[in-house]
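Undergrad: Sequence below, structure please.
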Amino acid sequence: MVIEVAAATLDRFEDVAVMLGPKKSDASVCWCLSHRLDSRTNRELVGPARGEYVRTLCGSGRGPGVLAYDGSEVVGWAAVAPRAQLPFARSRKIPHVDDLPVWSVWCIRVRPGHRGRGISLPLLEGAVEQARLQGAPAVEGYPVDNRGAKVDTTMAYVGTRALFERAGFEWAGGTQSVSGGFPRVLMRRHLTGSAEGADQR
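TA: Take a look at the predicted model:
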């Protein structure tokens with residue numbers, strides 16, 4: 001199985017909807033916005049407006065994340081964006097290691113029926129590459145340090161420390177955040193060869 005990863009641009013919005021959208025079009029599901037928007041904006045966006053907001057992000061040129069494909073079938077999603085644009089920039093539980101304008105990967109999802117096939121790793125690596133192409137000097141993630149214990153599927157989107165280590169990330173600090181009963185850690189991967197002149201913020 002060869003997994004290909006591509007930026008979630010406007011022409012791929014229908015695949016984004018497959019990964020993030022609700023079964024009923026008027027449902028107010030996350031759409032991977034809960035950790036992208038401030039709490040007030042997140043509350044105010046309801047029903048179809050959430051999907052339209054993501055559609056706008058897909059048309060922004062940068063895209064809100066990346067998609068994984070097994071052949072022509074979309075099988076995964078990873079969110080990636082400059083930390084300065086996210087609530088993580090103001091988090092009291094997840095510290096800033098330094099003032100480097102890093103990007104964050106905070107949601108990794110594999111489609112039901114395709115889990116357990118090693119898709120998360122190329123997804124994460126694809127998100128890192130997307131950040132590198134946009135000029136990011138480093139990428140951060142905030143996975144759980146579950147030490148091999150099983151993580152509940154509903155909370156698995158944050159990833160595990162082991163996954164991030166396989167993608168070349170290193171431990172950069174602890175956090176005060178917990179997910180699914182496990183402590184979250186701050187993992188970072190420094191990038192070389194970032195695209196010059198890109199807007200990192």
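Undergrad: alpha carbons only for contacts and neighbour counts from here, please
TA: Fine.
Undergrad: centroid residue for the protein?
TA: Nearest to the mean C-alpha position of the chain, by CA atoms, centre = their mean, lies residue 79 at 2.5 Å.
Undergrad: And for the helix or strand containing that residue, what's in contact with it?
TA: Taking DSSP states H and E as the definition, one finds residue 79 inside strand 73-82. Residues from elsewhere that reach strand 73-82 (CA atoms under 8 Å, 6 or more residues apart in numbering): 15-16, 18-19, 32, 64-69, 101-111, 114, 119-120, 123-124, 127, 130-131, 136, 200-201.
Undergrad: Can I get the buried part of those residues as one ChimeraX selection?
TA: Of these, the buried ones go into a single ChimeraX selection, burial set by 16 or more other CA atoms under 10 Å:
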select :15,16,19,32,64,65,66,67,68,69,101,102,103,104,105,106,107,108,109,110,119,120,123,124,127,130,131,136,200
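Undergrad: so who does residue 145 touch?
TA: Listed by CA under 8 Å, 6+ apart, the contact set of residue 145 reads 160, 161, 162, 182, 183, 184, 185.
Undergrad: quick one on the thing from earlier: any idea of the mean pLDDT in the strand holding residue 79?
TA: What strand 73-82 shows for mean pLDDT is 98.
Undergrad: Please apply the same query to stretch 121-128.
TA: Per-residue pLDDT over stretch 121-128 has a mean of 98.
Undergrad: got the CA positions of it in PDB?
TA: Extracted C-alpha coordinates of stretch 121-128, given in PDB (Å, rounded to 0.1, in the frame of the first residue of the first chain):
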ATOM      1  CA  LEU A 121       2.900   8.300   9.900                       C
ATOM      2  CA  PRO A 122       2.800   9.400   6.200                       C
ATOM      3  CA  LEU A 123       0.000  11.800   7.200                       C
ATOM      4  CA  LEU A 124       2.100  13.400   9.900                       C
ATOM      5  CA  GLU A 125       5.100  13.500   7.600                       C
ATOM      6  CA  GLY A 126       3.000  15.100   4.900                       C
ATOM      7  CA  ALA A 127       1.800  17.800   7.300                       C
ATOM      8  CA  VAL A 128       5.500  18.500   8.200                       C
END
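Undergrad: Give me the contacts around that stretch.
TA: 3-6, 65-68, 76-80, 105, 108, 139, 163-164, 166-167.
Undergrad: which ones among those are found in strands?
TA: Using DSSP state E, 3-6, 65-68, 76-80, 105, 108, 139 are the members of the contacts of stretch 121-128 that sit in strands.
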